[in-house]
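> predicted coordinates and the sequence they were generated for:
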Amino acid sequence: MGTAELSDVSFAYDTGPAVLNGVSFKVGRGDHTALVGANGAGKTTVLRLLAGQLDPTEGTVGTSGSVAYMDQMIGTTPGSTVRDLYLSLSPTRFVDAAAGLAVAERALGETVGHPDRSEAAGVRYAEALARWEQLGGYDLEVHWAACADRAVGLGWSEVADRPTTSFSGGEQKRLALELLFESEHELLLLDEPDNFLDVPGKEWLADRLDACGKTILFISHDRALLAAASRKVVTIETEGAWTHGASFATWAEARRDRNSRIDELHRRWDEERARLVAHVKEMKRRASFSDTFAPKAKAAESRLRQFDEKGRPPAPVAEQQVDMRLTGGRTGKRAVMLEQLELSDLTFPFDAEIWFGDRIGVVGRNGTGKSHFLRLLAGEPVDHDGSWRLGAGVVPGMFSQTHRHPELEGRTLMDILTEDHIATQINARGTATALLRRYELQPSADERWDNLSGGQQARFQILLLELGGATLLLLDEPTDNLDVASAEALEVGLAAFEGTVLAVSHDRWFLRSFDHFLVFDDDGEVHHADAPDRAWTPSAPTGP
């Protein structure tokens, strides 16, 4: 069974400041450990270090057993097929054998019209096939077929050569996870495995994580999943890392207790140093009158010097101070009116009236049309029949789940703000810096949008909504990449928002604060529910 360990690891990219500083922790055999921390704290960097994709600037990184790494955007490589995906997640011996088989197959194809070379090429191809069979490659393909069937309900012949990008984000994750949980890998490094999964998918993931006997280190921002699936929590901090030896369910309380203890240690340290300094001064004062106190003065100075050399206790981690000021504004009483609206090939016609101030959770399984519905209300071209309209004074603002914003690509956060949003202000750069500071993005002011972490992009999207004057927030999975503190800040911001909110989400924790729910069922029906648990369970009876 696998293990993972970092010892006093620091890491910095060539063009930027340190991402990690003095990080040490261990994941023991069979541990299921959640890796948490602020957006941009270096959680993904830790996984990439353990996967061997990066080398630490300082310190040592070690693993034991066969290691598999699943990145956040698994299955999104253009042109990659399901077969390619499964091969990339397989043990190295199969990857090498498949590469040799591909080379031999190409060489055989190139002998057409050259009979003098075909015999040798045919022998090499036969040897490559024999090598694949000897390793168990054909048995592996049977295993792949079973995993794909469980993930998407299709036979291997239907999916093997199908591009992974033709599947939904949730299906891409299920394809990869089904294989990894049943693989021979002993250490799984999973970067946000729950992103794009619907609620039943997240419940499935929690059950599979709990039942899996492998060693697992995973990153997630879903507080319900973290509480259900973690047995230990490692928190990446500004300096080092802190390990909580129990579930995330007790992490917040343990963190408060830890910071309280550190505060007490600092208070005692300060008191002891003040006492030692006062003692040195007194001994020196006495030595100025009598030489008999000179040795005592030197001893007092020595004790103070040794005390200082030991250093202060580690400082408590500063609480994140993300301040989202989503102001909104008054609009007509009816914010959105839908009459026999039908999303082409996704839903049957449905009616709905959404009133000013409503907090509507838009829920349902993947692929039922939820994101299409929000995009339509945002004014994007979405095939539909029936009618819809916005009420007086309603200004929609859209948060994109995929963070796709071509207009932001290649531009720094400072340039985006000063050129597009506050260009007319006298001290635009100073105003922009203050805005970024409220979202804890000020250190990334001159970073390009493309280089931000998923969580940093999410926070910046919300800042742009704040500046855009939206009175109707259309949020498509806004908490997927937000760290815990940022997700809580968003909840506070929405509570103070004067306007209407529609949010597509599979984050059960986040949706607890919503009033009503539009449920997109598997059969194309759209209806209302008045309680979260009834909305999350497709088979449950719904409200009127």
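Happy to help now that I have it. Numbering: from 1, shown residues only.
> what's the burial count for the residue lying closest to E171 once chain neighbours are set aside?
Of all residues not flanking E171 in the chain, V152 sits nearest, at 5.3 Å (CB to CB, 6 or more residues apart in numbering). Every C-beta, even on glycine, is put in place using the N, C-alpha and C of the backbone. Burial of V152 is recorded as 20 neighbouring residues (other CB atoms under 10 Å).
> in this structure V152 contacts G170, no?
No - using CB atoms under 8 Å, V152 makes no contact with G170, being 9.9 Å away.
> give me the common contacts of those two.
With contacts defined as CB atoms under 8 Å, 6 or more residues apart in numbering, no residue is shared by V152 and G170.
> and the residue nearest to E171, how far is that from V103?
To V103, V152 is 30 Å away according to CB to CB, to the nearest Å.
> check G169 too.
Computed as CB to CB, the G169 to V103 distance reads 33 Å.
> pick out whichever of the two has more residues nearby.
G169 (21 against 13).
> the bottom helix or strand of this structure by mean pLDDT?
In the chain, the helix or strand scored least confidently by mean pLDDT, DSSP states H and E is helix 532-536, which has a mean of 63.
> still on that earlier bit, can you pull the contacts of the residue nearest to E171?
Residues in contact with V152 (CB under 8 Å, 6+ apart) are 159, 167, 171, 174-175.
> next one: A495
Each residue near A495 by CB under 8 Å, 6+ apart is listed here: S513.
> for T3, list each beta-bridge partner.
Following DSSP bridges, T3 is listed with bridge partners S64.
> measure it to T33 for me?
To T33, T3 is 11 Å away according to CB to CB.
> give the intersection of the neighbour lists for those two.
Common neighbours of T3 and T33 (CB under 8 Å, 6+ apart) are V27.
> which of those two has more neighbours?
Taking neighbours as other CB under 10 Å, T3 and T33 compare with T33 leading, 21 against 17.
> H185 versus the residue most central in space within the chain, what's the distance?
Nearest to the mean C-alpha position of the chain, by CA atoms, centre = their mean, lies N481 at 4.1 Å. Separation of N481 from H185 (CB to CB): 26 Å.
> now do G369
Applying CB to CB, the value for G369 to H185 is 36 Å.
> quick one, helices of the stretch 301-450 of the chain?
Assigned by DSSP state H, counting those that start in this stretch, the stretch 301-450 of the chain shows helices spanning 370-377, 413-420, 428-438.
> ok, now the stretch 101-250 of the chain?
Using DSSP H, counting those that start in this stretch, the helices of the stretch 101-250 of the chain run over 115-135, 137-152, 156-159, 169-181, 199-211, 223-229.
> comparing these, which comes out most buried?
Scoring these by mean neighbour count under mean count of other CB atoms under 10 Å gives helix 169-181 as the most buried, with a mean of 23.
> so for that helix, what's the average pLDDT?
For helix 169-181, the mean per-residue pLDDT is 93.
> any idea how far that helix is from the chain center?
Relative to the chain's own centre, helix 169-181 is displaced by 16 Å; criterion: CA atoms, centre = their mean, to the nearest Å.
> with stretch 27-46 instead?
Using CA atoms, centre = their mean, the offset of stretch 27-46 from its chain centre is 11 Å.
> endpoints of stretch 148-157, how far apart?
Stretch 148-157 has an end-to-end distance of 10 Å (CA to CA, to the nearest Å).
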